[in-house]
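S.K.: Let's see this in three dimensions:
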Amino acid sequence: QVQLLESGGGLVQPGGSLRLSCTASGGTFRSLAMGWFRQAPGKERQFVAHFSRTGSTYYDDSVEGRFTISRDNAKNTVSLQMNSLKPEDTAVYYCTADTSSYTRYWGQGTQVTVST
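M.R.: Prediction:
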């Protein structure tokens with residue numbers, strides 16, 4: 001069983017930046033593929049970014065060039081640096097961990113609001 005705890009959400013003005021972090025426990029972090037999803041009010045949950053076990057990264061087109069996913073295996077942490085934020089980035093952001101047997105764990109979510 002993997003537990004995930006996100007932090008770093010909040011309110012930011014358009015054009016601003018935020019950094020989300022997610023700390024994993026209960027598993028072997030190096031063996032986990034880590035990712036971020038988000039869900040805006042009234043919309044389906046959407047893929048944001050992924051960091052594979054082999055070091056590859058993937059982004060949704062809507063965040064490519066603005067968001068950067070990174071991981072620190074020594075600290076069991078995955079982060080999402082979000083720059084040039086737009087109002088349409090407003091959502092609850094969820095951290096995910098995928099095991100080698102393709103079980104996906106979810107964090108509880110952290111709210112990001114981009115508004116003046």
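S.K.: Can you name the residues bridging to residue 104?
M.R.: residue 98 (DSSP bridges).
S.K.: secondary structure element for the residue nearest to the spatial centre of the chain?
M.R.: The chain has residue 36 as the residue nearest its centroid, 2.9 Å off, counting by C-alpha atoms, centre = their mean. Using DSSP states H and E, residue 36 maps to strand 33-39.
S.K.: After that strand, which helix or strand is next?
M.R.: Downstream of strand 33-39, the next assigned helix or strand under DSSP H and E is strand 46-51.
S.K.: For that next one, name the packing helices and strands.
M.R.: strand 33-39, strand 57-59, strand 67-72, strand 77-82 (3 or more C-beta pairs under 8 Å, 6 or more residues apart in numbering; DSSP states H and E). For glycine as for every other residue, the C-beta is placed from the backbone atoms N, C-alpha and C.
S.K.: the inter-axis angle of that strand versus strand 33-39?
M.R.: 160 degrees (axes from the mean of the first three to the mean of the last three C-alpha atoms, to 10 degrees).
S.K.: Per-residue confidence, the spatially closest residue to residue 76 that is not a sequence neighbour, what does it come out as?
M.R.: Among residues not flanking residue 76 along the chain, residue 29 sits closest, at 4.3 Å (C-beta to C-beta, 6 or more residues apart in numbering). pLDDT for residue 29: 91.
S.K.: next one: residue 70
M.R.: 97.
S.K.: How about it, nearest residue that isn't a chain neighbour?
M.R.: residue 79 (5.1 Å).
S.K.: Can you tell me how far that neighbour is from residue 16?
M.R.: With distances taken as C-beta to C-beta, to the nearest Å, residue 79 is found 17 Å from residue 16.
S.K.: Got phi/psi on residue 111?
M.R.: Torsion angles at residue 111 (phi, psi; degrees, to the nearest 10) stand at phi -80, psi 130.
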